[in-house]
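Asker: Sequence and predicted structure below; questions after.
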Amino acid sequence: MNILGNTEGFRVRPESDAEAGMIPFHSSIISQGRYDAQCEIMELEFLPDGGMYRFYDVPEHIWYGLRSAQSTKLYFRLCIMGRYKEARI
């Protein structure tokens with residue numbers, strides 16, 4: 001079982017985001033996110049509308065880069081946006 005809550009890689013909505021391992025971001029564009037290193041899946045909740053997106057085949061160093069970036073917005077635009085398959089969930 002992975003952190004997404006199942007073995008198939010499909011999201012199962014938990015009772016609360018805290019149970020699902022969501023990590024808060026201090027960002028103007030991302031409110032929270034999580035990463036599954038085994039599946040290389042990253043999920044991000046965007047501001048202001050709360051849209052949740054799943055990104056596939058994301059290397060672990062990209063997740064940590066996003067978490068530690070001085071500008072989350074710039075890092076996302078330069079290193080993630082348009083580089084990985086994504087789906088709104």
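Answerer: Happy to help now that I have it.
Asker: buried residues in stretch 64-81?
Answerer: Of the residues in stretch 64-81, those scored as buried under the neighbour-count criterion (16 or more other C-beta atoms under 10 Å) are 65, 66, 69, 72, 75, 76, 80. Bear in mind the C-beta positions are built from the backbone N, C-alpha and C, glycine included.
Asker: Switch these over to JSON lines; also include distance to residue 47.
Answerer: Below are those laid out as JSON lines (distance: C-beta to C-beta, whole Å):
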{"residue": "65", "distance to residue 47": "20"}
{"residue": "66", "distance to residue 47": "15"}
{"residue": "69", "distance to residue 47": "16"}
{"residue": "72", "distance to residue 47": "11"}
{"residue": "75", "distance to residue 47": "15"}
{"residue": "76", "distance to residue 47": "12"}
{"residue": "80", "distance to residue 47": "16"}
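Asker: Of those residues, just say which sits nearest to residue 22.
Answerer: For these, the residue nearest residue 22 by C-beta to C-beta is residue 66; the value is 14.0 Å.
Asker: So that closest one lies in a helix, does it not?
Answerer: Yes - residue assignment for residue 66, taken from DSSP: H, G, I helix; E, B strand; the rest coil, places it within a helix.
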